[in-house]
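Undergrad: Give me a 3D structure for the following:
(one chain, ligands or ions: 3)
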Amino acid sequence: MDQPRKLHIKSYGCQMNVYDAQRMVDTLAGEGFVETAGADDADLVILNTCHIREKASEKVYSELGRLRAAKDDAARAGRKMNIVVAGCVAQAEGAEIIRRAPIVDVVVGPQSYHHLPQLLTQAKAEGRALETEFPVEDKFAFLPPPSRQAIRARGISSFVTVQEGCDKFCTFCVVPYTRGAEVSRPVSKIADDVRRLADNGVREITLIGQNVNAWHGEGPDGRLWPLGRLLRHLAGISGIVRLRYSTSHPRDVDDSLIEAHRDLPELMPFVHLPVQSGSDRILGLMNRKHTADDYLRVIDRFRKARQDIAFSSDFIVGFPGEREEDFCETLALVRQIGYAGGYSLKFSPRPGTPAAEMWEAVSAEEMDERLARLQGVIDGQQSAFNKAMIGTTVDVLFERPARNPGQIVGRTAWLQPAHVFASPGIIGKVLPVAIENLERYSLLGRLAAPAMQPTQFPITSVQTTVGA
Ligand code: SAM
Ligand code: SF4
Ligand code: F3S
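TA: Ligands and ions are numbered 1, 2, ... in the order given. From the prediction side, this is the model:
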C-alpha cells in the first residue's frame, strides 16, 4: 500500500482563508494526502496567503526563504517537497512569485483550488504551474459534491461559505481585486452543507463571506432570498443550536436580518460590523457609502430588536487625509457605541487601490499615536464588557477539553472563551454557567442549574465607557 503523503498548510488572513485551507485539505485527502503539523517532513507545503496589508503580503517571501532550506534538506534526504502559494497574494502577484521564488511549484488563486490536483500533476510534468484566472462561474466548485466527498466536520463549530467576493470597492481594499465580484451560493447547497455538518456533530454554524449580508442566494422557491430568511431556514435544521455570520457591511443590513435577530434564539447576539472611521469626510474618501450617523442608526435597529446584542468593529487609523479632528470623531463614535471588541489597524497603501494614490499621507508617528489611543479605548471597553459577566449566569456551548486538565472550554454567545471543571460529556451542549472570574480574555465559572439561576445579561454595564 502507498504511504500517505504529508501536507502542511499555513494560512494567513481572514476566516475565508481558514475555510479555504480546510477545503484544500479535504480536496487533497482524495489524492492521498494527510495533514501534518510541521513543514519540515511535508511532501507538500501550501502557503495560503493574505494581501490585505503590506505586512501580511511580505510574510510570503520571508516564509518562502525559510522553506528554501527545508526543500534543500528534503532533496538531500532523497525526498521531493512541493511548494504551493495560494490565496490573495497568489491572485494579486502570481507572476511575480513565479519570477522571484524559483522554489515555488504551483501558484493558485482563491477561485481555482478545485484544480489543485491537476496543477500539481502539471507542475510535475512541466516544472511550474500558475492559475490565477477568475473563473467566476465555478467559484464554489471546489466545495466537494456530497457524492464525492462530504464537507468534513472539525469539532462543534464550523464555518460555511455562503458568499464570495465583493462589489463595494472601498478605496483602501484589495479584496474586490483578489476575490473578484460578489457571488452567492444557493440555499439548497448551503442547507445541504449545514445538514451534513449537523449530522457529524457540529452544533454552531458561522456563515462567512467577505460581505456576508450582501448574500442573496436562490431559494427553493426560485426567488432570491435575503440573509435573514436564510438564517431562519437554517435555524430549523435539527442539531444546530447556534448561528452566526461574518463579516457584514453596515450598508447591507436589511429588515430581514434585524427581524432574524428579534425572532431567532439560535442567532447569536454578537455582530461584527466594521465602520472603519467615525468621520464622514474620511468615510467619503474611503467610498464606504455610509455616514457615521447611518451606522449609528443601524446599531440602533439591532439594539431595538435584541437588547443583549453586542458589537465589534474594524477601524483604520491614518487613512490619507485623516486629521486630528477626524480621528476624534472616530473616538467619539467608539465611546458612543461601546464595543465588546474591535480591530484597529494602521492604513497600509495597497498597490492598485485608489487610496494608495491619495497624497495627504499621515505620518508614521501620528499613526502610531492614534492607534495607541484608539486601542486603549477599545481595550477598555472590551475589558469592561468581559468583567460585567462576573456574577452573572450565561449560556456556554462547550467545544473541547481545555489545556488545564479537568477543564472543558466553550464559548458564550459573545464568543468569550469560558472554562469550567466538568466531564467531557458536556462537549456539544449549551449549558448555563455561573461566571466567577476573568483571567485575561477567558471567563472561569461553574455549571449552574438553569432553573435556579436564570440567565441575565448586564447590558447597562456593558455600555459604560472606559478608557482615554
Ligand atoms: N468586508 C469587510 C468590511 O467591509 O468591513 C472587511 C473585510 S477586510 C478583509 C478586513 C479589514 O481589513 C477591513 O475591515 C479593514 O479594516 C482592514 N483593511 C483592509 N484594507 C486595509 C488597508 N489597506 N490598510 C489597513 N487596513 C485595511
Ligand atoms: Fe473590502 Fe470594502 Fe469589500 Fe469590505 S466592503 S471587502 S472593506 S472593499
Ligand atoms: Fe486577506 Fe484575502 Fe482575506 S486579502 S483578509 S485573505 S480576502
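
Undergrad: The closest residue to Ser246 other than its chain neighbours: neighbouring residues, count only.
TA: Among residues not flanking Ser246 along the chain, His272 sits closest, at 5.0 Å (Cβ to Cβ, 6 or more residues apart in numbering). C-betas here are computed from N, CA, C, even on glycine. Neighbourhood size, His272 [other Cβ atoms under 10 Å]: 20.

Undergrad: separation between His272 and Glu93?
TA: 28 Å (Cβ to Cβ, to the nearest Å).

Undergrad: Over to Val107?
TA: Distance from Val107 to Glu93, by Cβ to Cβ: 9 Å.

Undergrad: Give me the more crowded residue out of the two.
TA: Between Val107 and Glu93, counted using other Cβ under 10 Å, Val107 has the larger neighbour count: 29 against 22.

Undergrad: what mean pLDDT does the strand or helix carrying that one have?
TA: For Val107, the element it lies in under DSSP states H and E is strand 106-108. The predicted model gives strand 106-108 an average pLDDT of 92.

Undergrad: same deal with stretch 383-392?
TA: Stretch 383-392 comes out at a mean pLDDT of 96.

Undergrad: For it, buried residues please.
TA: The neighbour-count check on stretch 383-392 (16 or more other Cβ atoms under 10 Å) flags 383-389, 392 as buried.

Undergrad: tell me the contacts of Leu438?
TA: 386-387, 389-390, 444 (Cβ atoms under 8 Å, 6 or more residues apart in numbering).

Undergrad: Please identify which of those is nearest to ligand 1.
TA: Proximity of the contacts of Leu438 to ligand 1 (Cβ to the nearest ligand atom) peaks at Asn386, which lies at 22.6 Å.

Undergrad: doesn't the closest one fall inside a helix?
TA: Yes. Counting by DSSP: H, G, I helix; E, B strand; the rest coil, Asn386 is located in a helix.

Undergrad: From ligand 2, how far off is it?
TA: Here the criterion is Cβ to the nearest ligand atom, to the nearest Å. By it, Asn386 lies 27 Å from ligand 2.

Undergrad: From Arg303, how far off is that residue?
TA: According to Cβ to Cβ, Asn386 stands 20 Å off from Arg303.

Undergrad: same check, this time on Asp41
TA: Asp41 sits 52 Å away from Arg303, taking Cβ to Cβ as the criterion.

Undergrad: Ok, Ile52 next?
TA: Distance, Ile52 to Arg303, using Cβ to Cβ: 30 Å.

Undergrad: residue contacts, the residue lying closest to Leu234 once chain neighbours are set aside?
TA: Of all residues not flanking Leu234 in the chain, Val194 sits nearest, at 5.4 Å (Cβ to Cβ, 6+ apart). By Cβ under 8 Å, 6+ apart, the residues touching Val194 are 160, 205, 234, 237, 240.

Undergrad: at 10 Å what do you get?
TA: Residues in contact with Val194 (Cβ atoms under 10 Å, 6 or more residues apart in numbering) are 151, 158, 160, 162, 202, 205, 207, 230, 233-234, 237, 239-240, 243.

Undergrad: for Ala340, same thing?
TA: Per Cβ under 10 Å, 6+ apart, neighbours of Ala340: 270-272, 309-313, 378, 381-382, 384-386, 388, 414-416, 462.

Undergrad: Can you tell me which of the contacts of Leu438 is nearest ligand 2?
TA: Using Cβ to the nearest ligand atom, these come closest to ligand 2 at Asn386, 27.2 Å.
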